[in-house]
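J.: Fold the following.
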Amino acid sequence: MATRTLAFEGAGRITVHAGGWLDFARPDRAATQASTRGPLAKERISHKKREPKQAYAQGLSFTETHRLDELPGIIARLEAEIAKLSELMSDPELYARDPVKFRKAADALADRQAQLVAAEAEWLELEERAERG
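T.: Numbering: from 1, shown residues only. Prediction:
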């Protein structure tokens, strides 16, 4: 995931912009840059605006689509781990027999449950964006 984009703008000038390529290439950003670059740049950008361009889909990027495809497997794996840890924790004598193992299992269970909640929330968000897009 890109957090910055370096733009090589000629004459040895490089500018750093927040976000990835899609953030950098937004049409509203191009119009504001044209006003700061000079008359020739304005002509080029206005010429580009006249050409019919297919707008970026409001859906998901390739990476987000891939993540949406892999999340059900991750969720299933986490649910299986939670079930296994819950079964281990259901032993009433585990704490008395091995308190260190009990503590590790309890920590692992809490961690997997938090990961599951995060994965389900991410899946839901991506699924909703895919339906809107």
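J.: Now do the same contact list for residue 59.
T.: 129-130, 132-133 (CB atoms under 8 Å, 6 or more residues apart in numbering). Where C-beta positions appear, they are placed from N, C-alpha and C, glycine not excepted.
J.: Just put these in TSV and tack on neighbour count, pLDDT and distance to residue 115.
T.: Shown next, in TSV, are these (neighbours: other CB atoms under 10 Å; pLDDT from 0 to 100; distance: CB to CB, whole Å):
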residue	neighbour count	pLDDT	distance to residue 115
129	14	89	21
130	13	89	22
132	9	86	26
133	11	72	26
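J.: Mind checking which of those residues land in helices?
T.: 129-130, 132 (DSSP state H).
J.: quick one: which two of the contacts of residue 59 are the most distant?
T.: The distance between the two most remote of these (CB to CB) is 7.4 Å, for 130 and 132.
J.: Let me have the contacts of residue 59 in a markdown table, extended by distance to residue 105.
T.: Supplementary listing: those in a markdown table, determined by distance: CB to CB, whole Å:
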| residue | distance to residue 105 |
| --- | --- |
| 129 | 36 |
| 130 | 36 |
| 132 | 41 |
| 133 | 41 |
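J.: so where do the helices sit in the protein?
T.: Along the chain, counting by DSSP H, helices occupy 21-24, 27-37, 39-50, 62-89, 94-97, 99-132.
J.: how close does residue 117 get to residue 9?
T.: With distances taken as CB to CB, to the nearest Å, residue 117 is found 44 Å from residue 9.
J.: no, scratch that, I was asking about residue 95
T.: Taking CB to CB, one finds residue 95 at 64 Å from residue 9.
J.: Also residue 109?
T.: Counting by CB to CB, the gap from residue 109 to residue 9 is 53 Å.
J.: okay, those two: which has more neighbours?
T.: Taking neighbours as other CB atoms under 10 Å, residue 109 and residue 9 compare with residue 109 leading, 17 against 12.
J.: Spit out the contact partners of that one.
T.: Listed by CB under 8 Å, 6+ apart, the contact set of residue 109 reads 82, 85-86, 89.
J.: Could you identify the buried members of those?
T.: Among those, the ones that count as buried by 16 or more other CB atoms under 10 Å are 82, 85.
J.: All set now, cheers.
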